[in-house]
Each structure stands twice: as C-alpha cells, then as structure tokens.
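> Predicted model, plus sequence, below.
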Amino acid sequence: MDQEKLKIALIAGGYSGEYTVSLSSQEGLMKFLSDSPYEIYPVLLRRDHWTVLGLEGDPEIDKGDFSFVHPETGRKVRFDFAYITIHGTPGEDGHLTGYLDMLQIPYSCCPTLIGALTFDKYVCARYLSTFGIKIAPAVRLTKYDRINIDDLLREPGLPCFVKPNNGGSSIATTHVTEREQLQPAIEKALAESGDVMIQSLITGTEITCGAYEDAEGIHILPITEVVPKSEFFDYDAKYNGAVDEITPARIPEETTARVRDLTHRIYRHLRAAGIIRVDYFIESDGTPVLLEVNTTPGMTATSFIPQQIRAAGLAPGKVLEGIIDFLYQRSRR
C-alpha cells in the first residue's frame, strides 16, 4: 500500500426503505475502522444531493468525478476507495458500482453484474439452482401482471412469504397462511418494489453464514442459527432484538460442513467480492435450502456479520482492513 493514507468514502443512505438501517451500518463501520490506517470520510447519498458528513457545511460531492472540496484546506479530495454500506438501491443493485467502475474507483462489494443479479432474489436463486443448489419454490410478479389468486394457491401454494423481490431487511414482507391475505400482501410488497416474489414456506432451522475474501483467500465465518420470537424473522426481530441468534448454530457437524462448503461454492459461482451473507433453511433431513444471498450485509450493533467475525476469534476492524487492502491492491494490477 502507498505510504500516503488511502482516502476512503464510507457510503450510506440510498433511496429505499432501508435508509435508516444503512446509516446504522455506517456508524458501526466507523467504529470498527476507528483505528485503521485510512483517511475515512462518511458520505451520505440522497436523491437530491450527495454530501460528506462531519465537515463544516457538509460539502457536496461532485458527481463528475466523485470528489469534494475540503472546507478547511480548499483543496479537492479524490477518493481512492469506496466502502459501500447502502442496503437497497442504488448501492446494492449495481447502479452505484457501475458509476464507480466508469470512474475507475475500486469498491468493497460485488462487481456490477453480480450486484444486479443478487439484488433480484428470484433470478439469483434460479441462477444458483443451475449448479445443483436447492431453492424454495417461488413465483415472481410485477406491477404490470394480472394477479390470479387461484394460480398462486396452486403454485407456490400456502403457506408462503410475499416479499419485495429486490428489497431487504424484511421490509414489506408478509407471512401468508390464508387466501384472503394474499392480495393485501402483494399490494404491500408492490408499494415497496416493482417486483414481488411469492416464496413457498420452508420449514426447518433457519441459519445464515457469512463469507469474505482477502489476500489469503476465501474465509467462511461461523454459522448463526436464527430463532425469531415472532412468526418469522421480520424487521422487529432483525433490529429490535425480537430474536435469539446463536453462533455457532446448533446443527450437526456434518450439516455445518455442508453449509460451509455450499457457501464457499456460492461465493465462487458468483465471483463475489467483499463480505456476503447467505441465508438458508435446513430441512429435517439436513438438506440446506437457499433463501437468498446478501452482498451488502448489515454492520449494525445487532448484525450477524460482526457477531460471526467475533465468534471466529477475529476483530471486525482487522477483517475489514484486510478486505479493503486486498481489493484496493487488486484494482491496481
């Protein structure tokens, strides 16, 4: 790495219902990286303007080259690296990374194509199923489709989950057990996203497994078992503590090895970068069923990844430094 400190934009905000979660992740990352060898600037993206936080006047980002004028020195600051912690659009769906690609600024997460692929839960699951990975039966609807409730009762059937196809944090997600709940649930999800996924309920043990790559290779983190106190792992469970999160998960060693291997394969199949988190259900016979892949996982105080990193005996800050250094150096080859 160059002797001069890397100037890193730690980008949060975005244009979705996960805006506040993103700000919490930014706060968590700032703490994890407080002793890092970088010059870190928290950046906030909103539809009307992009700004640098923590400096006098919250200077505006020049979108022409993703830079800003420092209010104390009057000099233009150009970023060497972007750490994206936007959950939802435009940070998780390939929009922001495509912009950074054109400016040749390296970033912390998956390449643009993979960001777009994984952001579409339905398409991503079907892509990964071509490698023999088991997925839950599901149907996708758009706001332009005519909804036929009888067809949905046949496939995927009840009970099911109705969720935005390109959203996260369980926002606008409904557990549907009766016919009368389907239409309102679809309308609720469509209000958050133009696409809706209706996914068959898989029973079993819910788990999640993180992975990242640095100069030493791909690392698979300890698996977390998710035991929500409500009927499913909803927003309240994720961010207000209405869940028991057990790391390592209480699953057999054989199943643990199987999930770790599967997570490694998924990382490779996607040609992922940075930290990802893969969610599964473990069926009664020990078969992992893929739910979704999250390529910009939360880094709040209650998020899974920091828990799993600590369970592995590692410090979150050092893991993040290893990822940043690896991706920055790789971009210079």
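Structure's in. What do you need? Values in this document were obtained by computation on a predicted structure and should not be read as measured data.

> Excluding chain neighbours, what is closest to E178?
Once its chain neighbours are removed from consideration, E178 has its nearest residue in L158; the separation is 7.2 Å (Cβ to Cβ, 6 or more residues apart in numbering). Heads up, the C-betas are built off the backbone N, CA and C, glycines and all.

> who's in contact with that neighbour?
V176, T177, E178, R179, L201 (Cβ atoms under 8 Å, 6 or more residues apart in numbering).

> From D279, how far out is it?
22 Å (Cβ to Cβ, to the nearest Å).

> Can you list the buried residues in stretch 195-208?
Of all the residues in stretch 195-208, those buried under the rule 16 or more other Cβ atoms under 10 Å are D195, V196, M197, I198, Q199, S200, L201, I202, T205, E206, I207, T208.

> for the record, mean pLDDT for it?
The predicted model gives stretch 195-208 an average pLDDT of 93.

> Could you give the separation between the terminal residues of it?
24 Å (Cα to Cα, to the nearest Å).

> Validate this expectation: the residue nearest to E178 resides in a helix.
No - applying DSSP: H, G, I helix; E, B strand; the rest coil, one finds L158 to be coil, outside a helix.

> in the stretch 151-300 of the chain, which ranges drop under the pLDDT threshold?
167-170, 230-242 (pLDDT under 70).

> Show me what the longest helix seen in the chain is packed against.
Selection of the longest helix in the chain by residue count, based on DSSP state H, yields helix 253-270. Helices and strands touching helix 253-270, by 3 or more Cβ pairs under 8 Å, 6 or more residues apart in numbering; DSSP states H and E, are helix 112-119, helix 121-129, strand 205-214, strand 217-220, strand 276-282, strand 288-294.

> Give the buried residues for it.
When burial is assessed from 16+ other Cβ under 10 Å, helix 253-270 yields the following buried residues: T255, T256, R258, V259, R260, L262, T263, H264, I266, Y267, L270.

> what's the distance between that helix and the middle of its chain?
On the basis of Cα atoms, centre = their mean, to the nearest Å, helix 253-270 is displaced by 18 Å from the centre of the chain it belongs to.

> Give me the nearest residue to H70, chain neighbours excluded.
Counting by Cβ to Cβ, 6+ apart, V77 is the residue found nearest to H70 once chain neighbours are left out, at 5.3 Å.

> OK, contacts around the one you found?
Here V77 is in contact with K7, Y41, S67, F68, V69, H70 (Cβ under 8 Å, 6+ apart).

> Can you pick out the most distant pair from those residues?
K7 and V69 (13.6 Å; Cβ to Cβ).

> Who are the contact partners of A211?
218-221, 263-264, 266-267, 272, 275-278.

> Dump those into a markdown table; add distance to G57 as well.
As requested, those are arranged in a markdown table below (distance: Cβ to Cβ, whole Å):
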| residue | distance to G57 |
| --- | --- |
| I218 | 42 |
| H219 | 41 |
| I220 | 44 |
| L221 | 40 |
| T263 | 44 |
| H264 | 46 |
| I266 | 44 |
| Y267 | 41 |
| A272 | 38 |
| I275 | 33 |
| I276 | 36 |
| R277 | 36 |
| V278 | 42 |
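
> separation between T112 and R271?
Distance of T112 to R271, computed by Cβ to Cβ: 12 Å.

> meant to ask about K31, not that
For K31, the distance to R271 (Cβ to Cβ) stands at 30 Å.

> How about G210?
For G210, the distance to R271 - Cβ to Cβ - is 17 Å.

> So these two - more neighbours on which side?
G210 (26 against 10; other Cβ atoms under 10 Å).

> In stretch 39-47, which residues are buried?
Buried residues in stretch 39-47 (16+ other Cβ under 10 Å): I40, Y41, P42, V43, L44, L45.

> any chance of the residues you listed in a markdown table, with secondary structure and distance to S22 too?
Shown next, in a markdown table, are those (DSSP: H, G, I helix; E, B strand; the rest coil; distance: Cβ to Cβ, whole Å):
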| residue | secondary structure | distance to S22 |
| --- | --- | --- |
| I40 | strand | 16 |
| Y41 | strand | 16 |
| P42 | strand | 11 |
| V43 | strand | 11 |
| L44 | strand | 9 |
| L45 | strand | 9 |
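
> and which of those residues is nearest T302?
Proximity of the buried residues of stretch 39-47 to T302 (Cβ to Cβ) peaks at P42, which lies at 20.1 Å.

> Wait, the closest one touches G13, no?
No - the pair P42 and G13 fails to qualify as a contact (Cβ atoms under 8 Å) at a distance of 9.8 Å.

> all helices for the protein, in order.
Taking DSSP H as the criterion, the chain carries its helices at 19-32, 95-103, 112-119, 121-129, 149-154, 179-192, 235-239, 253-270, 304-311, 316-331.

> quick one: which of those is nearest L53?
In this view, those are compared for proximity to L53 by Cβ to Cβ, and helix 19-32 is the closest at 8.6 Å.

> Distance-wise, check the residue lying closest to V123 once chain neighbours are set aside relative to I220.
Leaving aside its chain neighbours, V123 sits nearest to L117 (6.3 Å; criterion: Cβ to Cβ, 6+ apart). Taken as Cβ to Cβ, the spacing of L117 relative to I220 amounts to 21 Å.
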